[in-house]
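Q: model the following, please.
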Amino acid sequence: MKVIHLISGGDSGGAKTHVHSLLQNLSQTIDVTMVCFMDGPFAQEARELGIHTVIFSGRNLLSTYRKLRQFILDGGYQIIHCHGARGNMMGALLRRSTGLPVVSTVHSDYRLDYLGRPAARLVYGTTNTVALRLLDYRIGVSDAMTDLLISRGFDPDRLFTIYNGLDFSPRHPAMDRQAYLRSVGLEADDSCVIAGIAARLNPVKDVATLIRGFAKAYEHCPNLRLLIAGDGEERAMLEGLARELGVERQVCFAGWISDTDSFYNAIDINTLTSLSETFPYALTEGARAGLPTVASRVGGVPYLIEDGVTGLLFEAGDPDGLARQLTALAQDATLRAHLGRRLYQKAKADFSLESTLQRQLHIYGTILRRHSRKGGQRDGVLVCGAYGRGNAGDDAILEAIVAELRELDPDLPIWVLSRNPDSTRLTYRVNSIYTFNFPRFLRRMTKTHLYINGGGSLMQDVTSHRSLWFYLFTISAGKILGNRVLMYGCGIGPIRSESNRRRAAKVLQKRVDAITLRDTHSREELKRMGVDHPEIILSADPTVILPAAAPQVVDGILEREGLDPNGSYIGFTLRPWPGFKEKAEIFAAAADYAYRKYGLTPVFLPIERRLDLGAIRQATASMTAPFHIIENTGSSAHTIGLFARMKVVVSMRLHALVFSASQGVPLVGVVYDQKISSFLSYIGQDLYTDLGELTLERLTAHIDTACGRIDDHDFLTEGVDRLRQVEHRNSATARRLLGLPAPEEEGERP
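A: Now for the predicted structure:
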């Protein structure tokens, strides 16, 4: 593989570090050349690192373009990789004339690159903004940067993310803790807890908030100290602030440091208080040292620091919030140890130099593969479902479908109809269209190959006649406009209106190529409707493939909620439904019963927050036992991980049962819709009762039986194993309809 990098040659800071480190290490694996448009320290340092560096200087843009174009063609390069405004401009000019794919790494917000320089912003800023739109692909140097590009309308399918990788090989500090502290002049004994920051002392780093927050925390924790490494224009002001707040002896200004290993070895808490960041090296440096971190919630920081799991966050500029987090860490050595260990594990796995290199090579491979993909024909999938409405179950269905489609073909263009397309684009990195933007999604259907009616109980008229009509319309439109049509891991019914049953049967019979079903009841319902023309396959809900978050991550979530990660819990998921209000006290009494008899603390977990929290509060209002409500369960992985920690789950929501079943948790279902009983019967679980017939005696009897199954591994996993064995039929059917080769056929290709 031969890749040519284009960069101005005057770069500094994080961009310089990223490019030099990346190219130095890439050159050991692939053929890399760096072109600079000026000579100087940047190019000289690159040469010293062994990077093949060529200078194309001169003010004649056209002449430089011609020479560079010929150099690229003669050199047999396969990818043009640009950095910065001048590189992007040249890449945009070379894209068509060379026929090569062009990618740009976006190191910073291009709209802010020339602030304070009006002329440069007008010329170079405008040129860069236009050039970025003309390139084939862009790489954000953090998920936050990629999200920013998506929010500005860049195609998610043509965006990648990479991080500034750090070498996680063991390092040995030159000085031990006490020797280093003496060398910088900080008075601290072994009982002291030392917070530290390594940063330029300028306004954007907002070290003033750190000193104010530290002073407030020091009032509660007199053993707390602060070590500030760095220098800058605000140093005198910051030293004055420390004196003004009466903590000048507890705060040490170490100035610029070169021995970062000894610095991080000497502190107990790493801090970052910036008002704006992309993804700072100071975070990964602290993570490499296994330090618990308190950071402002800005830029790419939350992608590494998950509040309460891998560190603690506060709102930028809020000294009170910072003080609370510093106090919590200063007073709890166990919390410091847990957060530091989790941060190290996450950073080493996702943000190491090795992972950065592998990610970059993967990006290059993807670009070359997509460049060779045949154009000018129908391609891609449009997925339609109840997405973008804040329902964790529906969102998990979409996540599973997208994951399976990308496993089939990682380059497959995916479009999704969503009530909240901006959120869907950011969360799943797919193109998204507003559900009721008819002109746009109909135009898209003329270009896609497969239309997916995506999971869940879309074919029903209990909640709405209009939603059924809408989904039937999209199915018909998809087929008429030239797509194969697949209903993916879905449930059928109930459809109560006879006219709706006739309408649905007609559309499914005529317009659908295949239906994969998540339960046997749905298959019987299709038979009763007279639908037999599509290929009908019994499969499973696609969400059974989704994994739980890592145990240490779930530990952190529980700790953040004030719950013991090793505690014993019974989970309840409730939802408002006609008749629920009259039964709310039964759920409360059953939760109290589980606590009294089995020592299981009731934990209430919503699936659709805007609806479920109201029902939960109705039930908990009459409880006497201690309980906990997790108001926001987070991502699908986090939600599944939380259900995995329950000893028993009582649920009115299907996907709470699916998530729990996938983790081998005993289940009790309360049936408001036939899909609940259908799913439980399908996996061989027999503990369920209709909401209308619910009594305390029946519910507690089910809880008794479920508690008796807690250690019955064979019973709890048998049904789930069956689900996972048949779920692949969903993606296998999609594969056939897309015309993709089967896995064994792929292996036979030359």
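Q: how is this structure divided into domains?
A: 2-161, 177-347, 376-538, 551-724 (automatic domain parsing).
Q: hey, least reliable of those by pLDDT?
A: Note on those: domain 2-161 shows the lowest mean pLDDT, a mean of 89.
Q: start and end of that domain, how far apart?
A: Start and end residues of domain 2-161 are separated by 21 Å (C-alpha to C-alpha, to the nearest Å).
Q: pretty sure Val301 contacts Leu275?
A: No - here Val301 does not reach Leu275: they are 11.5 Å apart, not a contact under C-beta atoms under 8 Å. Any C-beta I mention is one placed from the backbone N, CA and C, and that applies to glycine too.
Q: just to revisit the earlier point, nearest to Arg171, of the domains of the chain?
A: domain 177-347 (4.9 Å; C-beta to C-beta).
Q: after the host helix or strand of Leu472, which helix or strand is next?
A: Applying DSSP states H and E as the criterion places Leu472 in helix 465-480. Next along the chain after helix 465-480, taking DSSP H and E as the criterion, comes strand 484-492.
Q: please state the offset of that next one from the chain centre?
A: Its chain's C-alpha centre and that of strand 484-492 lie 26 Å apart, by C-alpha atoms, centre = their mean, to the nearest Å.
Q: and if you look at stretch 303-313?
A: 14 Å.
Q: and it, C-alpha only, in CSV?
A: Taking Å, rounded to 0.1, in the frame of the first residue of the first chain, the C-alpha atoms of stretch 303-313 are listed here in CSV:
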residue,chain,number,x,y,z
TYR,A,303,-15.7,9.5,25.2
LEU,A,304,-12.9,8.5,27.5
ILE,A,305,-14.2,9.7,30.9
GLU,A,306,-17.6,8.3,31.5
ASP,A,307,-18.9,9.9,34.7
GLY,A,308,-18.8,7.5,37.6
VAL,A,309,-17.3,4.7,35.5
THR,A,310,-13.9,5.7,34.2
GLY,A,311,-13.7,9.1,36.0
LEU,A,312,-15.7,12.0,37.2
LEU,A,313,-17.0,14.9,35.1
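Q: residue boundaries of the strands in the stretch 601-750 of the chain?
A: Shown for the stretch 601-750 of the chain, the strands assigned by DSSP state E, counting those that start in this stretch span residues 601-604, 628-629, 648-651, 667-671, 688-690.
Q: adding distance to Tyr281 and mean neighbour count, write the ones you listed out as JSON lines.
A: Listed next are these as JSON lines, based on distance: least, C-beta to C-beta, whole Å; neighbours: other C-beta atoms under 10 Å:
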{"stretch": "strand 601-604", "distance to Tyr281": "39", "mean neighbour count": "23"}
{"stretch": "strand 628-629", "distance to Tyr281": "38", "mean neighbour count": "16"}
{"stretch": "strand 648-651", "distance to Tyr281": "43", "mean neighbour count": "27"}
{"stretch": "strand 667-671", "distance to Tyr281": "47", "mean neighbour count": "25"}
{"stretch": "strand 688-690", "distance to Tyr281": "54", "mean neighbour count": "17"}
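Q: out of the ones you listed, which gets nearest to Glu285?
A: Among the strands of the stretch 601-750 of the chain, strand 628-629 sits nearest to Glu285 (C-beta to C-beta), with 36.1 Å.
Q: tell me which strands the closest one pairs with, and in which orientation.
A: Strand 628-629 sits in its sheet next to strand 601-604 (parallel), going by DSSP bridges.
Q: circling back to that earlier point, dump the strands of the stretch 601-750 of the chain to CSV, plus distance to Ala119.
A: Shown next, in CSV, are the strands of the stretch 601-750 of the chain (distance: least, C-beta to C-beta, whole Å):
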stretch, distance to Ala119
strand 601-604, 59
strand 628-629, 57
strand 648-651, 63
strand 667-671, 67
strand 688-690, 71
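Q: nearest to Gln618, of those?
A: strand 601-604 (11.0 Å).
Q: and the closest one, how far from the chain's centre?
A: 27 Å.
Q: out of Val301 and Leu275, which sits in the busier spot?
A: The residue with more neighbours, out of Val301 and Leu275, is Val301; 23 against 14, by other C-beta atoms under 10 Å.
Q: in terms of helices and strands, where is the nearest residue to that one once chain neighbours are set aside?
A: Spatial nearest neighbour of Val301, chain neighbours left out: Ala295 (5.0 Å); criterion: C-beta to C-beta, 6 or more residues apart in numbering. According to DSSP H and E, Ala295 maps onto strand 293-296.
Q: check Pro410 too.
A: Judged by DSSP H and E, Pro410 forms part of no helix or strand.
Q: what of Pro578?
A: Counting by DSSP H and E, Pro578 is part of no helix or strand.
Q: quick one on the thing from earlier: closest one to Ala549 among the strands of the stretch 601-750 of the chain?
A: Per C-beta to C-beta, nearest to Ala549 of those: strand 601-604, 16.2 Å.
Q: what's that closest one in contact with?
A: 563, 567-574, 591-592, 594-595, 616, 619-620, 623, 625-630, 642, 646 (C-beta atoms under 8 Å, 6 or more residues apart in numbering).
Q: give the ChimeraX command for selecting the buried subset of the residues you listed.
A: This is the ChimeraX syntax for the buried subset of those, where burial follows 16 or more other C-beta atoms under 10 Å:
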select :563,568,569,570,571,572,573,574,591,592,594,595,616,619,620,623,625,627,628,629,630,642,646
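Q: among the contacts of strand 601-604, which ones are in helices?
A: The helices, defined by DSSP state H, take in 591-592, 594-595, 616, 619-620, 642 from these.
Q: now, the most widely separated pair of those?
A: It's Asp592 and Leu642 that sit farthest apart of those, by C-beta to C-beta, at 21.5 Å.
Q: quick one, what contacts the nearest residue to Arg171 once chain neighbours are set aside?
A: In this structure, Arg171 finds its nearest non-sequential neighbour in Asp261, 4.9 Å apart by C-beta to C-beta, 6+ apart. Asp261 is in contact with 171-174, counting by C-beta under 8 Å, 6+ apart.
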